[in-house]
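K.L.:
with the sequence up front, the predicted model follows.
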Amino acid sequence: MTPKLVSFKVCPFVQRVAITLQYKGIDYDIEYIDLGSPPEWFLAISPLKKVPLLIVDSTVIFESAVINEYIDEAYQPMLHPEDLLLKAINRSWIEFSNNISLYTFKLTIKERKNDFENILEELLKGFDLVEDYLSAKPFFNGEQFSLVDSSYAPIFQRLEFLAQIYKPIISSKRHPKLVKWKDSLLSLNAVKCSTVEEIQNLYYQLLWTRQGYISQFLSEREYGKRPTKRVY
């Protein structure tokens, strides 16, 4: 039976799973929901009331890292390294990506310039640690694409979107290896096909509703009057 991915169109954690499915060439169905007004059937089967969910033969799996591990074990080729120590290291950096993703989210909601810049520096300090670990290219482990790559690609995509309205977030001067890794991931068809076509515009619409400092670089002419209620 074809697995079904339950998604919110701009969720980076759903995208992690979609990238893995795309890279492995797995046929899957996808159903989009509105997290602002989720359907009852979704609330009934999602313990955390979050996406992604993967439904396999009526069984529900939740949490992106767990779903990706299932996909990796259920479908060839394996993306996790065979070496147990390297596999554990990969899992550690996947967990670290959650912190990076949180900083990326905070960049979109901080209202004052000073707070925005402080979060940006915390994000870059996190990337300093990743930069120090990276030694190979084009992917995290070298030539082989891995679940670490699936986890960071959505972050890089969103930072590219921010860079297009603000200024470059990741620079070759501070993070040369990270920039090469980012460019390698964003050029992959698996990443390009992991979202809806209008993802960039949807992301900017989300920034506009959140009304953080970064939203001032968007056009009121394009996105309308500033909302009176912020959306997270």
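P.N.:
Ah, there it is.
K.L.:
now the helices for this protein?
P.N.:
When assigned using DSSP state H, the helices of the chain occupy the ranges 12-24, 40-45, 64-74, 84-107, 113-133, 147-165, 176-186, 189-192, 199-210, 220-223.
K.L.:
can you lay out the ones you listed as TSV showing distance to residue 33?
P.N.:
For every residue, glycine as well, the C-beta is placed using N, CA and C. Converted to TSV, the helices of the chain look like this (distance: least, C-beta to C-beta, whole Å):
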stretch	distance to residue 33
helix 12-24	10
helix 40-45	5
helix 64-74	16
helix 84-107	19
helix 113-133	29
helix 147-165	18
helix 176-186	26
helix 189-192	23
helix 199-210	14
helix 220-223	23
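K.L.:
among these, which is nearest residue 56?
P.N.:
Across those, the minimum distance to residue 56, taken as C-beta to C-beta, is reached by helix 64-74, at 7.8 Å.
K.L.:
state the distance from residue 19 to residue 90.
P.N.:
Computed as C-beta to C-beta, to the nearest Å, the residue 19 to residue 90 distance reads 15 Å.
K.L.:
of the two, who's got more company?
P.N.:
A direct count of neighbours by other C-beta atoms under 10 Å for residue 19 and residue 90 places residue 19 higher, at 28 against 21.
K.L.:
so that one makes contact with residue 192?
P.N.:
No: contact between residue 19 and residue 192 fails when scored by C-beta atoms under 8 Å: they sit 9.8 Å apart.
K.L.:
can you give me the distance of residue 171 to residue 120?
P.N.:
Spatial separation of residue 171 from residue 120 under the definition C-beta to C-beta is 12 Å.
K.L.:
which one's more surrounded, these two?
P.N.:
Between residue 171 and residue 120, counted using other C-beta under 10 Å, the more crowded position is residue 120 (19 against 13).
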